[in-house]
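Engineer: Have a look; sequence and predicted model below, questions after that.
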Amino acid sequence: MTTLKLTLDWQEATSDLPPELQEQKTQNLYTALRQLPDLERVERCPDPDVPVGSMGEKWLPSTLQTVLQTEVIPGSIGGIVNAIRQRLPGTPVSFEIEVENRKGRSRRISMNGVRPEDFDETLRKLKEAAKELADE
């Protein structure tokens with residue numbers, strides 16, 4: 001079964017929160033996702049907007065906040081959405097999926113700032129797109 005790489009980022013939506021609270025929310029979601037049975041792995045990722053080798057990469061605590069990445073089968077995305085709803089209520093999230101097709105080529109699709117009330121529809125569309133890309 002094809003897995004896809006899913007990146008979750010809610011940094012923009014929580015940028016006004018103190019770093020300690022952002023870290024707590026990130027830890028809570030990370031722990032919840034690690035308990036889901038269908039996820040192959042969950043990782044914390046550096047902030048993609050901080051340039052590699054910059055002072056921010058080395059010194060700013062935000063470089064490891066609010067970005068999580070996992071590998072998941074498309075049918076298991078619902079568990080991730082439920083974890084987000086419980087741990088980050090009312091928080092818009094940016095989703096990015098990366099799928100490798102039959103020819104070994106990787107393709108990405110992003111949806112930025114998705115509001116919680118739009119999660120189900122957005123993820124339905126992402127799953128459909130991932131299936132199409134995998135079948136290319």
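Structural biologist: Arrived safely.
Engineer: Now do the strands in this structure.
Structural biologist: With strands called from DSSP state E, the chain shows them at 4-9, 39-44, 67-72, 93-100, 106-114.
Engineer: Name the strands paired with the second one and say parallel or antiparallel.
Structural biologist: Paired strands of strand 39-44, with direction, are strand 67-72 (antiparallel) (DSSP bridges).
Engineer: Show me which residues of the strand it pairs with are buried.
Structural biologist: Residues of strand 67-72 classed as buried: 67-70, 72 (neighbour count, 16 or more other Cβ atoms under 10 Å). In short, each C-beta sits where N, CA and C put it, glycine included.
Engineer: repeat for stretch 113-122
Structural biologist: Buried, per 16+ other Cβ under 10 Å, within stretch 113-122: 114, 119.
Engineer: Would you mind measuring the gap between the ends of it?
Structural biologist: 11 Å (Cα to Cα, to the nearest Å).
Engineer: Show residues contacting it.
Structural biologist: 12-13, 81, 84-85, 89-95, 111 (Cβ atoms under 8 Å, 6 or more residues apart in numbering).
Engineer: so how far is Val42 from the closest residue to Gly90 other than its chain neighbours?
Structural biologist: Leaving out its chain neighbours, the residue that sits closest to Gly90 by Cβ to Cβ, 6 or more residues apart in numbering is Pro116, at 6.0 Å. Distance, Pro116 to Val42, by Cβ to Cβ, to the nearest Å: 20 Å.
Engineer: Now render the strands of the chain as a markdown table, adding distance to Arg124.
Structural biologist: A markdown table is the format used below for the strands of the chain (distance: least, Cβ to Cβ, whole Å):
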| stretch | distance to Arg124 |
| --- | --- |
| strand 4-9 | 14 |
| strand 39-44 | 19 |
| strand 67-72 | 15 |
| strand 93-100 | 12 |
| strand 106-114 | 11 |
